[in-house]
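Engineer: Sequence and predicted model, in that order:
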Amino acid sequence: MIRVEALAVHHADRWRGLFERSNSACHCRYWHFGGDKNSWLERCAFRESENADEASNALRSGDASAMGVVAIDTSAADEPIVGWVKVAPRASLQKLRKLPVYRALDLGEDTNIFSIGCFLVDPSMRRHGVAKALLRGAIDFARECGADFLEAYPRRAEGALHDAEAWLGPYAIFTDEQFVAIHDDGPYPVLRKAMKVE
């Protein structure tokens with residue numbers, strides 16, 4: 001049984017545990033790291049605790065960089081967090097517009113646009129519908145936060161992606177939820193869903 005809810009301070013230790021069990025050293029700080037690629041790789045390889053502490057501090061302070069929803073396994077006594085998706089105002093993903101694949105695109109103003117920054121699902125729970133549940137929770141969360149649109153940036157490939165390559169979410173789950181492409185060139189489309197219910 002999976003319950004999806006907004007990430008809150010009382011989730012902090014279980015949230016950190018998800019990254020540790022998944023051997024994910026980033027702790028969802030990639031979008032907020034100011035250094036270059038080599039510096040980021042060095043930090044993840046040798047100073048993972050800096051990412052973890054930064055994420056925990058952002059959560060406790062209410063910073064937008066820690067906004068998102070978590071999937072909780074309610075069948076286990078300790079209700080571990082088995083999935084996470086970052087859902088935050090696009091303006092808070094500081095690195096997004098600086099990346100070569102998005103830099104030249106006209107994405108318009110950031111006002112009232114939320115972005116899906118990344119997914120993480122516990123290795124033991126992958127291919128059990130957790131990502132789909134997280135996406136539905138992300139849509140509800142963005143709508144509750146007053147977003148006009150929710151954007152996603154999945155990698156599209158001809159063959160199946162390795163789990164580590166699908167950190168932006170599997171392309172198909174977005175199209176299943178009626179996200180539409182606003183930029184559709186190459187392997188990095190930009191997808192968008194209107195939040196207002198007609």
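Structural biologist: Thanks, I have the structure now. Note that the coordinates shown come from a computational prediction; the quantities given were computed from them, not determined experimentally. Residues are numbered from 1 along each chain as shown.
Engineer: So which helix or strand of this structure has the lowest pLDDT on average?
Structural biologist: Confidence across the helices and strands of the chain bottoms out at helix 100-103, with a mean of 88, counting by mean pLDDT, DSSP states H and E.
Engineer: For stretch 5-15, list the C-alpha coordinates in PDB.
Structural biologist: The C-alpha trace of stretch 5-15 is given here as PDB (Å, rounded to 0.1, in the frame of the first residue of the first chain):
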ATOM      1  CA  GLU A   5       1.900  13.200   0.500                       C
ATOM      2  CA  ALA A   6       3.800  16.400   0.500                       C
ATOM      3  CA  LEU A   7       7.300  16.200   2.000                       C
ATOM      4  CA  ALA A   8       7.300  17.700   5.500                       C
ATOM      5  CA  VAL A   9       9.800  18.100   8.300                       C
ATOM      6  CA  HIS A  10       8.600  15.000  10.200                       C
ATOM      7  CA  HIS A  11       9.700  13.000   7.100                       C
ATOM      8  CA  ALA A  12      13.300  14.200   7.300                       C
ATOM      9  CA  ASP A  13      15.100  11.100   8.600                       C
ATOM     10  CA  ARG A  14      13.100   8.700   6.400                       C
ATOM     11  CA  TRP A  15      13.600  10.900   3.300                       C
END
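Engineer: and that stretch, average pLDDT?
Structural biologist: The pLDDT scores in stretch 5-15 average 97.
Engineer: If you drop the residues flanking it in sequence, what lies closest to Asp78?
Structural biologist: Leaving out its chain neighbours, the residue that sits closest to Asp78 by C-beta to C-beta, 6 or more residues apart in numbering is Arg14, at 8.0 Å. No exception for glycine: its C-beta is placed from N, CA and C like everyone else's.
Engineer: Over to the one you found. Which of the three states is it?
Structural biologist: What DSSP: H, G, I helix; E, B strand; the rest coil gives for Arg14 is helix.
Engineer: how near is it to Leu105?
Structural biologist: 36 Å (C-beta to C-beta, to the nearest Å).
Engineer: ditto for Ala77
Structural biologist: Taking C-beta to C-beta as the measure, Ala77 falls 47 Å from Leu105.
Engineer: neighbour count winner among the two?
Structural biologist: The neighbour comparison of Ala77 against Leu105 (other C-beta atoms under 10 Å) goes to Leu105, with 13 against 7.
Engineer: show me what contacts that one?
Structural biologist: Neighbouring residues of Leu105 by C-beta atoms under 8 Å, 6 or more residues apart in numbering: 183, 190.
Engineer: Please, where are all the strands along the chain?
Structural biologist: For the chain, the strands defined by DSSP state E cover 2-6, 68-73, 81-89, 113-121, 149-152, 180-183, 190-194.
Engineer: who's in contact with the residue nearest to the spatial centre of the chain?
Structural biologist: The centre of the chain sits closest to Cys118, judged by C-alpha atoms, centre = their mean, with a distance of 2.4 Å. Cys118 is in contact with 28, 30-31, 85-86, 167-169, counting by C-beta under 8 Å, 6+ apart.
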